[in-house]
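**Q** my questions are about this predicted structure, shown below with the sequence.
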Amino acid sequence: MKPGRSGREFDGDPYHRVALLNPAVVEVGVGWANRRDGLGFLVVDVGGVDSKPDAKVYPIVYPVNGQEDVPLDFCLGARENPNPIPEDGTIAGYPVTIQIPERRGRGSDAEVRLFAGETEVSCWLSTPDAPARKDWPSRASSA
């Protein structure tokens, strides 16, 4: 990604999206470091977390139901590091994120099914307790 591009890269990347859509976040900082090839590294730092966000704003789903012009591919052709795509790590559709608050330090149970019209579409599900990538630490393994 190059500096000055639209926020579309932010909402296309699950790491940035989850942080920026978190209703508990009250401060955001953005940094950019150039590489010699003209590309670079983007860092989004969120802070000032409100410890008691309003539970009525959950679940937070993106893209929203009925949203138009949603891209079909992940990262709009850019590489993401760390790469959240399981297995071969090269091809994936546009990520859908669902944020549900923890309750007393425990996650929430949810069933996720993705549809294109009437057709169910296969997808990866990644949670703090069961990440989609086997090489990622999970909350369950670090507890």
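**A** Happy to help now that I have it. Numbering: from 1, shown residues only.

**Q** contacting residues around the nearest residue to Ala132 once chain neighbours are set aside?
**A** When the adjacent residues along the chain are set aside, Ala132 lies closest to Ser126, with 3.6 Å between them (Cβ to Cβ, 6 or more residues apart in numbering). Glycine gets a C-beta too; all of them are placed from N, C-alpha and C. Under the criterion of Cβ atoms under 8 Å, 6 or more residues apart in numbering, the contact partners of Ser126 comprise 84, 86, 132-133.

**Q** from those residues, which shows the smallest pLDDT?
**A** Across those, the smallest pLDDT goes to Pro84, namely 75.

**Q** was I right about that one contacting Arg133?
**A** Yes - because the distance of 6.8 Å satisfies Cβ atoms under 8 Å, Pro84 is recorded as touching Arg133.

**Q** neighbour-wise, which of those two wins?
**A** Pro84 (20 against 16; other Cβ atoms under 10 Å).

**Q** distance of that one from Cys123?
**A** Distance of Pro84 to Cys123, computed by Cβ to Cβ, to the nearest Å: 13 Å.

**Q** keeping just the C-alphas, turn stretch 63-74 into PDB.
**A** These are the backbone C-alpha positions of stretch 63-74, laid out as PDB (Å, rounded to 0.1, in the frame of the first residue of the first chain):
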ATOM      1  CA  PRO A  63     -19.500  -5.400   5.700                       C
ATOM      2  CA  VAL A  64     -23.000  -4.500   6.900                       C
ATOM      3  CA  ASN A  65     -26.100  -6.300   5.600                       C
ATOM      4  CA  GLY A  66     -27.000  -4.900   2.100                       C
ATOM      5  CA  GLN A  67     -23.700  -3.000   1.700                       C
ATOM      6  CA  GLU A  68     -22.900  -2.400  -2.000                       C
ATOM      7  CA  ASP A  69     -19.600  -2.400  -3.900                       C
ATOM      8  CA  VAL A  70     -17.900  -4.800  -1.400                       C
ATOM      9  CA  PRO A  71     -14.700  -6.100  -3.000                       C
ATOM     10  CA  LEU A  72     -14.500  -9.800  -3.700                       C
ATOM     11  CA  ASP A  73     -10.800 -10.300  -2.800                       C
ATOM     12  CA  PHE A  74      -8.800 -10.000   0.400                       C
END
